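# Build me a model:
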Amino acid sequence: MELNVNASLVLGTGPWELFVQSLDVFTILLLAGSVAGVTLIVWCVLEIRERSIVPGSLAGRLEDLSRNGQWERVREETSRDGSLLAVIVAAGVGRLGRDRASIRDAAELAASEVSARWFRRLDLLSLIGNLGPLVGLAGTVWGMILAFTSLGDGGGRAGPADLSLGISKALFHTLLGLCLAVPCLLAYGALKGRADRLCTRAIVVADEIVERVPSSDDGPRAA
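Here you go, the predicted structure:
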């Protein structure tokens, strides 16, 4: 009879039961981190794309217009687009007629400001992924303390089933922390590589166009 009772307890202790029993401040923190992590992953997947950073069609049009010296058309094209390429070129063209160093500085500043927006989000995703296991470990340690404290309060008479249930509840925090960390860190590695590749391409293309912007250093040609 006692064997059947213990078996039913073990079979009745599923993931949802463990989650309800383990609900505390650490579980809430891990759930909040999971929501934030999923939100950041979705945002980064939608934003870190070729169309948002270096659109191929826009790059081709800007190349042709800059070679022909049609800088007003370049202004119009970049004003209608919010990609990194358009922002860099617009910053350089905005200094048209000034010295070459001023044009380059404006383009570099625009590139740094816009690209930093994506990398800040990626850094936050990495932070959440790295903190997840630590918060889970803290919850595990706290759960173990509570389990052994209850064992001591009972004079060491707690049965193996009670002790194993307390330990499983404690380890559940570690499981939640790992479930938070693994997707966040995998997404961080993949998205950071994509962002690096696309931002580098955008900066290279924009640099070629910005170098054609007429400057005061060109002398009579600037007119």
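# Can you classify the spatially most central residue of the chain by secondary structure?
In the chain, the C-alpha nearest the mean C-alpha coordinate belongs to Leu122, at 2.9 Å (Cα atoms, centre = their mean). Of the three states, Leu122 takes helix according to DSSP: H, G, I helix; E, B strand; the rest coil.
# ok, now which ones touch it?
Contact analysis of Leu122 by Cβ atoms under 8 Å, 6 or more residues apart in numbering lists Cys44, Tyr188, Leu191, Lys192, Ala195. The C-beta positions use only the backbone N, C-alpha and C, and glycine is treated the same way.
# Could you do Lys169 as well?
Leu18, Gln21, Ser22, Gly143, Ala147.
# helix or strand for it, which one?
Per DSSP states H and E: Lys169 is located in helix 160-210.
# related to what we said a few turns ago, tabulate the contacts of Lys169 (TSV), appending distance to Gly60.
Below are the contacts of Lys169 laid out as TSV (distance: Cβ to Cβ, whole Å):
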residue	distance to Gly60
Leu18	57
Gln21	60
Ser22	56
Gly143	59
Ala147	65
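# Ranking by neighbours, what's the top pick from the residues you listed?
Gly143 (22 neighbours; other Cβ atoms under 10 Å).
# Run through the residues that contact that one.
Gly143 makes contact with Ser22, Gly166, Ile167, Lys169, Ala170, Leu171, Phe172, His173 under the criterion Cβ under 8 Å, 6+ apart.
# Check Glu208 too.
Residues in contact with Glu208, defined by Cβ under 8 Å, 6+ apart, are Glu63.
# Please report how far it lies from Arg201.
11 Å (Cβ to Cβ, to the nearest Å).
# Same check on Ile88?
Between Ile88 and Arg201 the distance is 12 Å, computed by Cβ to Cβ.
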